[in-house]
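Trainee: with the input below, show me the fold.
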Amino acid sequence: MRLTPDSTAASSYGRRPSPPLRAIPLLTALLCLVVFAVESVCRGQELTAAPPAIAPLGQQPALSTLPAEPLAPTLFPPPGAGPALAPAVDDHIVLEMLPFGVLWEPPIANQREPRCYAIFNSMGLIDTAIGADFSLGRIGPASHKDEGFEADVFAAAFTRFDERRAFACADYRVGCPLTFAANDWQYKLSYEHTSSHLGDDAVMDLESQWAQGIPAAPARKFCRDEIVLGIARRFWDQLRVYGQVGCSFSNNADANGFKIVNDVWRYDWGVEWTPPRHSQQQSGPYAAFDMDLRDEQNYVPNVTIEAGWQWRVRRGRDSAARLGVEYYNGDSPFGAYILEHETWWGFIASYDW
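Mentor: From the prediction side, this is the model:
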């Protein structure tokens, strides 16, 4: 039989494949889908099963259940030991000689605390003071410089010049306080000595008046040796409340040798507000109130109110300079004139060394 070109083409291209050959592409596609599905399921099981391999933090075994093994000394923590702990605070007790600052801060508005100041008052008088309080030694925690036991010494000279700028009188004070501070509390136990003297110009004026037959008040001798107990409490690092009581064991006598009656007890208390000590604030307003009550003055309230601006000088210790206005109402703070009443206001510049 002879094949024609048309019949050859029909036999090679136009003939349909058998049924098994037509199912091969479909079976291949189905097999690919099955393999893809099985692979996806297996991968999903691995992902879900992975987290339980790392137990939560709360389910980690306790340290007590871990086997105790001696650890070799090393400069670095072993891998996986977690972050290193912060170094412990050094709280051991140390002895420091001549430390900066004092644990008991002299009250700001008290007229007889050791500091340097100058007051120009409305009576035309000028009152000055030169003095300071120094620490000899302190025993306390190394990490808290404002706590512990401390031995101090102070000295101050208070002078007054009259309207003619003549030297009228002077009071001299020295003391040896033992102080203690913890948290916001401060305590003081101190021996303090005060003596008062007339100035040379005042003595010459009295002698001149006596020579001319002019009545003049005799000069008074005033001397006080006392034991002083003080306590103070600080709130919010800027408000301080304090109180002091002094008991004298010396005898005061005037120029004629007569003892001044009731010269044993004295009381002093006050409130002061200053910029915070433990802050970066170097200056700010301040205000202080002080009331002094004395036996020798029949417990007349000697009131001092002071307000102004304070600068804290940080040169290894917290020194403070102040400019302000002061008001005083009471008997004279000078021993030579303790029975004379004074009321004045003035400008004050002071410095706590």
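
Trainee: what about the helices in the stretch 151-300 of the chain?
Mentor: Along the stretch 151-300 of the chain, counting by DSSP state H, counting those that start in this stretch, helices occupy 200-211.

Trainee: do a quick rundown of the strands in it.
Mentor: 167-182, 185-198, 222-235, 239-248, 265-273, 283-294 (DSSP state E, counting those that start in this stretch).

Trainee: tell me the mean pLDDT over the host helix or strand of residue 137?
Mentor: Using DSSP states H and E, residue 137 sits within strand 126-141. Mean per-residue pLDDT for strand 126-141: 94.

Trainee: how about the strands of the stretch 151-300 of the chain in TSV, adding distance to residue 154?
Mentor: Any C-beta I mention is one placed from the backbone N, CA and C, and that applies to glycine too. Formatted as TSV, the entries for these read as follows, by distance: least, C-beta to C-beta, whole Å:
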stretch	distance to residue 154
strand 167-182	5
strand 185-198	8
strand 222-235	11
strand 239-248	14
strand 265-273	16
strand 283-294	17
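
Trainee: now distance to residue 337, mean pLDDT and mean neighbour count too, for the ones you listed, in TSV please.
Mentor: As requested, the strands of the stretch 151-300 of the chain are arranged in TSV below (distance: least, C-beta to C-beta, whole Å; pLDDT from 0 to 100; neighbours: other C-beta atoms under 10 Å):
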stretch	distance to residue 337	mean pLDDT	mean neighbour count
strand 167-182	7	95	19
strand 185-198	9	94	18
strand 222-235	9	94	17
strand 239-248	19	96	17
strand 265-273	17	96	19
strand 283-294	13	96	18
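
Trainee: between those, which gets nearest to residue 130?
Mentor: strand 167-182 (10.6 Å; C-beta to C-beta).

Trainee: which strands and helices sit next to the closest one?
Mentor: Secondary structure elements in contact with strand 167-182, counted by 3 or more C-beta pairs under 8 Å, 6 or more residues apart in numbering; DSSP states H and E, are strand 148-161, strand 185-198, helix 200-211.

Trainee: tabulate these (JSON lines), appending distance to residue 221.
Mentor: Listed next are the helices and strands packed on strand 167-182 as JSON lines, based on distance: least, C-beta to C-beta, whole Å:
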{"stretch": "strand 148-161", "distance to residue 221": "17"}
{"stretch": "strand 185-198", "distance to residue 221": "8"}
{"stretch": "helix 200-211", "distance to residue 221": "13"}
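
Trainee: nearest to residue 291, out of those?
Mentor: Among those, strand 185-198 comes nearest to residue 291, with 18.0 Å by C-beta to C-beta.

Trainee: the closest one to strand 148-161, inter-axis angle?
Mentor: Using axes from the mean of the first three to the mean of the last three C-alpha atoms, to 10 degrees, the interaxial angle of strand 185-198 with respect to strand 148-161 works out to 30 degrees.

Trainee: for strand 185-198, output the C-alpha coordinates as CSV.
Mentor: Written as CSV, here are the backbone C-alpha positions of strand 185-198 (Å, rounded to 0.1, in the frame of the first residue of the first chain):
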residue,chain,number,x,y,z
TRP,A,185,19.1,63.8,112.0
GLN,A,186,21.9,65.7,113.6
TYR,A,187,23.0,65.9,117.2
LYS,A,188,25.4,68.0,119.1
LEU,A,189,27.0,67.9,122.6
SER,A,190,29.3,70.8,123.2
TYR,A,191,31.3,72.8,125.7
GLU,A,192,31.1,76.5,124.9
HIS,A,193,32.6,79.6,126.4
THR,A,194,31.5,83.1,125.9
SER,A,195,33.1,86.3,127.3
SER,A,196,32.1,89.9,126.6
HIS,A,197,34.3,93.0,126.8
LEU,A,198,33.9,96.7,126.2
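
Trainee: just want the angle from it to strand 239-248.
Mentor: Using the same axes, to 10 degrees, strand 185-198 lies at 50 degrees relative to strand 239-248.

Trainee: mind starting the numbering at 756 from now?
Mentor: Fine by me, first position is 756 from now on; the one you just mentioned is strand 940-953.

Trainee: strand 977-990 and strand 940-953, what's the angle between them?
Mentor: Between the axis of strand 940-953 and that of strand 977-990 there is an angle of 150 degrees, by the same axes, to 10 degrees.

Trainee: direction included, what does strand 940-953 pair against?
Mentor: Its sheet considered, strand 940-953 pairs with strand 922-937 (antiparallel), strand 977-990 (antiparallel) by DSSP bridges.
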